[in-house]
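In: Take this sequence and fold it.
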Amino acid sequence: MQHAKGKVKDGVSAAKAKTKVAQAKAEEKAETATARSHAERELAHERGKAKVAAAKMEQHQDKAFHREEAIEHRLHKHGHGLAGRYGHPNKHGVAAVPAPPPGAGAYYPPAAGTGHY
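Out: A predicted model of the protein is given here:
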């Protein structure tokens with residue numbers, strides 16, 4: 001069922017992206033028609049390309065978000081949370097430590113020659 005929901009959400013995202021692309025192309029065509037110089041026509045074309053690229057990128061981000069939702073749902077459905085399987089602490093009686101938020105700092109291995117190994 002979750003797979004079907006993902007397909008529907010992706011279809012909706014694709015439809016929105018197609019309408020945005022069509023709208024951007026129509027606006028580009030109108031700007032090109034009213035442009036008085038070659039430079040203005042080129043500028044209108046570049047704006048149209050940027051709008052099309054933005055619409056496609058938004059569709060890509062929506063699809064990635066839908067995949068993330070599906071994975072999160074699947075993990076939650078099967079009880080894979082921070083506290084171990086099925087919401088219980090792990091075999092040592094300690095819940096897992098949550099991952100730091102992105103950009104909060106990364107782990108860097110010790111430099112060579114520090115006596116490790």
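In: wait, doesn't R67 sit right on G6?
Out: Yes - using CB atoms under 8 Å, R67 makes contact with G6 at a distance of 7.2 Å. Using the backbone N, CA and C atoms, a C-beta is placed for each residue, glycine as well.
In: Settle it for me: which of the two has more neighbours?
Out: Set R67 next to G6 and count neighbours by other CB atoms under 10 Å: G6 wins out with 16 against 13.
In: residues in contact with that one?
Out: 66-67, 69-70 (CB atoms under 8 Å, 6 or more residues apart in numbering).
In: who wins for neighbours among those?
Out: So for those (other CB under 10 Å), the most neighbours sit at H66, 18 neighbours.
In: Check that residue and give its pLDDT.
Out: Looking at H66, its pLDDT reads 87.
In: Which parts of this structure are strands?
Out: Counting by DSSP state E, one finds strands in the chain at the ranges 80-81, 84-85.
In: Which of those strands has the lowest mean pLDDT?
Out: Among the strands of the chain, strand 84-85 carries the lowest mean pLDDT, a mean of 48.
In: So for stretch 27-35, mean pLDDT?
Out: pLDDT averaged over stretch 27-35 gives 93.
In: quick one: contacts of it?
Out: Applying CB under 8 Å, 6+ apart, the contact partners of stretch 27-35 are 40-41, 43-45, 47-48, 51.
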